[in-house]
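A.B. asks: Just to be clear, the model below is a prediction. Sequence and coordinates:
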Amino acid sequence: MYIRGYKRVDIILLTVTFLSSYIAAITIPTTAPSTAATIDSSQVAVSLEFFAFPGYTELVSTGTCLVNLQALRGAPVAVRIGGTTQDRATYDPSLATAVSYTVASPTDAPTSLTFGPSFFTLAASDLKGNVTIGLNRQLNDQANTLAAAVQAKNTMPNLYAIELGNEPDLYASTSPIVPSSGWSQTADAASEKSWFTAIAPSVGNIFQAAVYLSWRTAATISLLGTSIGNVRTVSEHSYPQSACGGATTNLQTLMSHSGIVSYTAGFKDDAASAHAAGVRYFLGETNSATCGGGGISPTFGAALWIVDYVLQGALNGVERLYFHQGTIGDCQYCWWGRFTTGAPFYGAYFVSQASDFIFEFDIFLGTDGAKLEMLDDGTGAVASYVIYNSAGAAVRLLVYNSNYYDGTGTRSSTSVSFTGGGIPSSGTATALRLTGPNATSRVDEGGIVTIGGGVTFDGDCNAIGTQTRENVVVTGGSLTVVVQASEALLVSL
């Protein structure tokens, strides 16, 4: 990661006179409780639309953003290559280019495409973390998919999993894979089982099962029976809102802490079912709203949603969340592309971890974050979290104020007090603030979103600017922080 103009400025977090609410002292457990969630080194992961993947490798910002996130957690970012167009793609072993298709406009997704061996060569050379490849099942050409899977296995040392079909719960009745008897979750599970059995001898037991948007995955795990032995991961797709067909989106609802808590609780049973079967449970494709995201997705509010959503996902058993990046140049929820680095990337960055040699203190999950616990009850607008290191010591707090501020009227704030945990009897703790003018602010429209008072990202995803470190006074084993509406604060203990 590259940063220009870095210097450290120490300030004291002063008492503010316009507080609108106060939350009494929250006691931090001294050690990680049994309910604390384990954090994966790639908890924040990335999904790239299948046909667009080669184009993403040509963008400087792709490499820089992935390297940044790698530095944040101390491990390469896991990437899934897939999406709607994987089920429109046919493998051509003689194709000289990675992909071949024709579209009327550069912002269109192709209705059909071919891809060649160099597709997998790019995935092996340009992606440093483990990679999940999505292949075609909808066209019902098992021999072609097998050939592609074998090529991927032979080319990619970083191949982690193969998914067969994207969102089969949405297959039309006219899809070639759909039998004359009709399509249902039971029929899909039988199809998955048959394909796993046929292809596993050539590539191993590395399949990502389900890949559903609307069906629950627990039922498929049961229906797969002994074929669960061919499965490495189970994937569910998740978009809290829809921007398809003129549907209305709502930013205030998206970023609501209590709403996020309620929404992510829906993953808990499916995650438990997967873990009981001995396989991992991922949100293999997710973002704020379907069909590219609509007007809410490029906003600072969506960045704050990412922070809370990632943490709540982890608490409900989701081991990775793969945030989808769609058609380059026509993607409201994309973190980067042919424009400046978008506001949502700031949320992904903030919730992960910054390089110590640049920022001199950690962002939330960090390279040492091992266990996560929520400290509030999930029913209010203000979220509080604590992260524990591998030794079980509390090392960081995160406070997110999801009260909605759209730039009109007075911006409210909330003060939150903490005691216990790793807080000393006196001294100072270090704070880092994620803020923007308001929830609707967009970086691509001139809104200034910052981490630590001045750190931003340029169009190539380089971190630039001056960071301000806030010092929080600790008195009597207690500290109090002030967080404005539509803002988040991290405290290093």
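C.D. replies: Nice, thanks for sending it over.
A.B. asks: max-length helix in the protein?
C.D. replies: With DSSP state H setting the assignment, residue counts place helix 185-203 as the longest helix in the chain.
A.B. asks: outside of that one, which residues touch it?
C.D. replies: 137, 142, 145-146, 149-150, 152-153, 162, 164-165, 168-169, 171, 177-179, 181, 207, 209-210, 215, 219-220, 223-225, 227, 230-231 (Cβ atoms under 8 Å, 6 or more residues apart in numbering). The way it works is simple: take the backbone N, C-alpha and C, and place the C-beta from them, glycine included.
A.B. asks: in that helix, what counts as buried?
C.D. replies: Buried residues in helix 185-203, counted by 16 or more other Cβ atoms under 10 Å: 185, 187, 188, 189, 191, 192, 193, 195, 196, 199, 200, 203.
A.B. asks: in this structure, which segments are predicted with low confidence?
C.D. replies: Residues of the chain that meet the criterion pLDDT under 70 lie in 1-20, 353-369.
A.B. asks: Counting by contacts, list what the helix or strand encompassing residue 221 packs against.
C.D. replies: Take DSSP states H and E as the rule and residue 221 turns out to sit in helix 217-224. Helix 217-224 is packed against helix 185-203, strand 207-212, strand 231-238, helix 268-276, with contacts defined by 3 or more Cβ pairs under 8 Å, 6 or more residues apart in numbering; DSSP states H and E.
A.B. asks: Give me the contact list for that helix.
C.D. replies: 185-186, 188-190, 192-193, 196, 209-210, 212, 228, 231, 234-236, 269-270, 273-274, 277, 279, 281.
A.B. asks: how far out from the middle of the chain is that helix?
C.D. replies: Mean C-alpha position of helix 217-224 versus that of the full chain (Cα atoms, centre = their mean, to the nearest Å) differs by 24 Å.
A.B. asks: tell me the angle it makes with helix 185-203.
C.D. replies: Helix 217-224 runs at 70 degrees relative to helix 185-203, counting by axes from the mean of the first three to the mean of the last three Cα atoms, to 10 degrees.
A.B. asks: quick one: helix 217-224 to strand 207-212, angle?
C.D. replies: 130 degrees.
A.B. asks: how about helix 217-224: buried residues?
C.D. replies: Neighbour-count burial for helix 217-224 flags 217, 218, 219, 220, 221, 223, 224 (criterion: 16+ other Cβ under 10 Å).
A.B. asks: hey, what's residue 455 bridged with?
C.D. replies: residue 451 (DSSP bridges).
A.B. asks: quick one: contacts for it?
C.D. replies: Residue 455 sits in contact with 3, 463, 464, 465, 466, 467, where contact means Cβ under 8 Å, 6+ apart.
A.B. asks: Let me know how buried residue 275 is, in neighbour terms.
C.D. replies: Residue 275: 14 surrounding residues under other Cβ atoms under 10 Å.
A.B. asks: I'd like the distance between it and residue 397.
C.D. replies: Noted for residue 275: a distance of 28 Å to residue 397, by Cβ to Cβ, to the nearest Å.
A.B. asks: Now residue 112. Nearest residue, chain neighbours left out?
C.D. replies: residue 88 (5.2 Å; Cβ to Cβ, 6 or more residues apart in numbering).
A.B. asks: buried set for stretch 137-145?
C.D. replies: Buried positions in stretch 137-145, judged by neighbour count with 16+ other Cβ under 10 Å: 137, 138, 139, 140, 141, 142, 144, 145.
A.B. asks: Columns secondary structure on top of those, output as JSON lines?
C.D. replies: As requested, the buried residues of stretch 137-145 are arranged in JSON lines below (DSSP: H, G, I helix; E, B strand; the rest coil):
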{"residue": "137", "secondary structure": "coil"}
{"residue": "138", "secondary structure": "coil"}
{"residue": "139", "secondary structure": "coil"}
{"residue": "140", "secondary structure": "coil"}
{"residue": "141", "secondary structure": "coil"}
{"residue": "142", "secondary structure": "helix"}
{"residue": "144", "secondary structure": "helix"}
{"residue": "145", "secondary structure": "helix"}
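A.B. asks: Contact partners for residue 422?
C.D. replies: Applying Cβ under 8 Å, 6+ apart to residue 422 gives the contacts 28, 393, 394, 395, 493.
A.B. asks: ok, 7 Å please
C.D. replies: Residue 422 makes contact with 393, 394, 395, 493 under the criterion Cβ atoms under 7 Å, 6 or more residues apart in numbering.
A.B. asks: Please apply the same query to residue 213.
C.D. replies: Applying Cβ under 7 Å, 6+ apart to residue 213 gives the contacts 167, 169, 170, 237.
A.B. asks: what are the ranges of the strands in the stretch 201-350 of the chain?
C.D. replies: Shown for the stretch 201-350 of the chain, the strands assigned by DSSP state E, counting those that start in this stretch span residues 207-212, 231-238, 241-242, 280-286, 289-290, 320-325.
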